[in-house]
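> Mind folding the following:
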Amino acid sequence: MDLSKLKKWSSPNEQSDATRPSGDARIDLPAGQTPVEAPITHALPPAPALPEPRRAEPQHDRRVHEYAPAAPVTAGFGVFLSLILGVLFIFLGQRFARWAIAAMSGQPFSTDTTWMTGPNAGQPVPYWELAYSAAWTEMGIFTMGVALILDALVMFLATRGARPNAILMLIAFVVTGAAVAINLGLCGKLMVGPNASLPVFSLVAVIAGAFVLFDHWAVWRENAPPKRD
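Residues are numbered from 1 along each chain as shown. Got it, this is the predicted structure:
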């Protein structure tokens, strides 16, 4: 029996060089000790970098802006316009003022105009019988002039603080609005009837008063206190 052909028995700790993978180093272990496979460890990838925390933006409280002291309100162009137009209208309607003073003092008032024809020829023409309804026109523009002067004064006082004074602004609205209404009524009166005429000065007074009222409304809208929720 040829023993050379028998498979060579080897201990479990031995491994032939033919079956050993290349590159493996052979480690001789003591008898009776079995090799222990080392645990396979996998390298973990580096943790991703955390983003930097965002800095919180400061939140502004709206109430701080609403109740913070505001800059003084400007008088507005309407105040100066009221003053200029008021002086002009008073100058144009000064004869009505002289008639009113004479009537309140009981003195006769001369219009420096006499009747040319008719039973009253040569006699002075009363103020309220002047041609083209001059007395009504002068009354309207003089009233508008006084209203605009008062309007300018009241609006100047109303806009002296950080917020417009509601009561004073209401007074200015009422005074100027009443003068506009008077002149508007005079326009309707003088433009109809047998002696109808075009009241140019009364129409100018209505337009000027309406413009001043619109300017005051714009001042109030821009500077009115905010509404509270």
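> Check the residue nearest to Gly78 when sequence neighbours are not counted and give its pLDDT.
Excluding the flanking residues, the one nearest Gly78 by CB to CB, 6 or more residues apart in numbering is Asp215, at 3.0 Å. Placement of C-beta: from N, CA and C, glycine included. The score at Asp215 is 84. That number is its pLDDT.
> Confirm that Asp215 sits in a strand.
No: looking at Asp215 with DSSP: H, G, I helix; E, B strand; the rest coil, it is helix, so not inside a strand.
> Can you give me the neighbour number for it?
Per other CB atoms under 10 Å, the neighbour tally for Asp215 reads 17.
> how close does it sit to Thr176?
Distance, Asp215 to Thr176, by CB to CB, to the nearest Å: 10 Å.
> same deal with Pro194?
Pro194 is 33 Å from Thr176, where distance means CB to CB.
> who's more crowded, the two?
Per other CB under 10 Å, whichever of Pro194 and Thr176 has more neighbours is Thr176, with 27 against 4.
> was I right about the more buried one contacting Phe211?
No: the pair Thr176 / Phe211 is not scored as a contact, 10.2 Å apart, by CB atoms under 8 Å.
> Where does the prediction get shaky in this structure?
Residue ranges of the chain with pLDDT under 70: 1-51, 53-76, 161-162, 223-229.
> which residues in it form helices?
For the chain, the helices defined by DSSP state H cover 62-67, 77-92, 94-105, 134-158, 166-190, 200-223.
> Can you tell me which of those is most buried?
helix 134-158 (a mean of 23; mean count of other CB atoms under 10 Å).
> okay, the angle between that helix and helix 77-92?
Angle, helix 134-158 to helix 77-92, by axes from the mean of the first three to the mean of the last three CA atoms, to 10 degrees: 150 degrees.
> elements contacting helix 134-158?
Judged by 3 or more CB pairs under 8 Å, 6 or more residues apart in numbering; DSSP states H and E, helix 134-158 is in contact with helix 77-92, helix 94-105, helix 166-190, helix 200-223.
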